[in-house]
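1. got a predicted structure here, sequence first:
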Amino acid sequence: MENWFIHIQRYFSRKKALFFGLLLLLMALLGGLVSQLRFEENISRMLPGSEELVEVNRLIESSGFMDRLFIHVYADGDVHPDSLTELADQLAERLSDTSYQGLIRTFEYQLTDEDQQAVYNYLSDNLPYFLSEKDYRYWINACNPIPSSLSFAVVTI
C-alpha cells in the first residue's frame, strides 16, 4: 500500500504543474460543493417523519418556543439553592444590560402568572406527546397500587 503513495509522490515531484493544477481543480470542486450547503434554522425538520413526531413538530412550531432560548441553572452534587438563585440573578442582571439590546428582543427572568398558566395548559393539553410508555407505567403504579400478582397492559397514544 505504501508503494502506491511513494509512486504518486515521485510522479508528482517530476510534474509539479500537473499537481498544482489538480489541487486547484479539487479545491474549486470542493468549494462549489460547500457553497451549495444551506443551513436550516428549524431543527425539527431533521427528525424522522413518523406520525407522532409530525404532531409534536407541529405543536412546537405553532407554540413559538422555537424563537426562544431557555436557560436552566442547576448544579451537580451538594450545592445550596441560594447560590443557584444568586447565580441566576447575576446572569439575569448581565443579560438585561443595555449593551445587549440589539441582540435580545425581549428578556423574561421570571414567568408571570399568565405565562405559567399558559405553559401548564399547553402541557396538560399535549401531555400524551411528551410521555413515554415508561412514564405511563410509573404513573399507573403511583396512582393505583396494584398487587404484584395482577398484571395490566399500558396503552400508549
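-> Done, it's in.
2. okay, now the unreliable bits of the chain?
-> For the chain, applying pLDDT under 70 flags the ranges 40-57, 59-67, 98, 144-157.
3. so which residues of it form helices?
-> 2-14, 16-35, 51-63, 81-95, 113-125, 127-130, 133-143 (DSSP state H).
4. can I get those helices in CSV including distance to L103 and mean neighbour count?
-> In this view, the C-beta of every residue, glycine as well, is placed from N, C-alpha and C. Output for the helices of the chain, formatted as CSV (distance: least, C-beta to C-beta, whole Å; neighbours: other C-beta atoms under 10 Å):
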stretch, distance to L103, mean neighbour count
helix 2-14, 49, 9
helix 16-35, 28, 10
helix 51-63, 23, 13
helix 81-95, 9, 12
helix 113-125, 22, 10
helix 127-130, 31, 12
helix 133-143, 37, 11
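5. to L69, which of these lies closest?
-> Minimum separation from L69 across those (C-beta to C-beta) falls at helix 81-95, 10.0 Å.
6. can I get the closest one in PDB? Just the C-alpha atoms.
-> The C-alpha trace of helix 81-95 is given here as PDB (Å, rounded to 0.1, in the frame of the first residue of the first chain):
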ATOM      1  CA  PRO A  81     -30.200  26.500  46.500                       C
ATOM      2  CA  ASP A  82     -29.400  30.100  47.400                       C
ATOM      3  CA  SER A  83     -26.200  30.000  45.500                       C
ATOM      4  CA  LEU A  84     -28.100  28.900  42.400                       C
ATOM      5  CA  THR A  85     -30.600  31.700  42.900                       C
ATOM      6  CA  GLU A  86     -27.700  34.200  43.200                       C
ATOM      7  CA  LEU A  87     -26.100  32.900  40.100                       C
ATOM      8  CA  ALA A  88     -29.400  33.100  38.200                       C
ATOM      9  CA  ASP A  89     -29.800  36.700  39.500                       C
ATOM     10  CA  GLN A  90     -26.300  37.700  38.300                       C
ATOM     11  CA  LEU A  91     -27.000  36.100  34.800                       C
ATOM     12  CA  ALA A  92     -30.300  37.900  34.500                       C
ATOM     13  CA  GLU A  93     -28.700  41.200  35.500                       C
ATOM     14  CA  ARG A  94     -25.900  40.800  32.900                       C
ATOM     15  CA  LEU A  95     -28.400  39.800  30.100                       C
END
